[in-house]
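Chemist: Fold the following and give me the result.
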Amino acid sequence: MTAEKESLMAQALGLSDLVSYQAGAVVSRTLLDKKAGTITMFAFAEGEGLSEHTAPFDAFVQIIDGSAEITVDGVMHMVHDGEMIIMPANKPHALRAALQFKMLLVMIRS
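Modeler: A predicted model of the protein is given here:
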């Protein structure tokens, strides 16, 4: 385990403080990476996103700040601060920041 990840263990942390917005960029920070899955924080600048793709595992997304346009299997959902959505394995999905937003992604591998 890296010193950075070890510094996250066994303490209360504000999720929104773990990543910062950067103009024109998507910033990510892996909080936990285990055989069973990963937990990653993201900050999307306005206008940024992830193009449509699929993943072989279910993924849980919780919006921490702002709102995201999340398309799952062709259906667009506006997901707001404090809300979550589950993206099923093998279904195409995409994310877009009409305005900047932060999200927590939990990917379950098993």
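Chemist: okay, CA-based contacts and neighbour counts for the rest of this
Modeler: OK.
Chemist: Could you pull up the contacting residues of the spatially closest residue to His80 that is not a sequence neighbour?
Modeler: What sits nearest to His80 in space, not counting adjacent residues and going by CA to CA, 6 or more residues apart in numbering, is Ser67, at 4.2 Å. Contacts for Ser67 (CA atoms under 8 Å, 6 or more residues apart in numbering) come out as 78-81, 97-101.
Chemist: what pLDDT does Ser67 get?
Modeler: You'll see Ser67 listed with a pLDDT of 96.
Chemist: returning to that earlier point: please list only the buried members of the contacts of Ser67.
Modeler: Buried subset of the contacts of Ser67 (neighbour count, 16 or more other CA atoms under 10 Å): 79-80, 97-98, 100-101.
Chemist: List just the nearest of those residues to Ala3.
Modeler: Nearest to Ala3 among these is Phe101, at 27.3 Å by CA to CA.
Chemist: where do the helices sit along this protein?
Modeler: Along the chain, counting by DSSP state H, helices occupy 3-6.
Chemist: So which bits of the helix or strand bottoming out on mean pLDDT in it are buried?
Modeler: None of the helices or strands of the chain scores lower by mean pLDDT, DSSP states H and E than helix 3-6, at a mean of 70. Using 16+ other CA under 10 Å as the test for burial, helix 3-6 gives no buried residues.
Chemist: now do stretch 94-110
Modeler: 94-98, 100-108.
Chemist: Over to stretch 49-59?
Modeler: For stretch 49-59, burial by neighbour count (16+ other CA under 10 Å) applies to 49, 54, 58-59.
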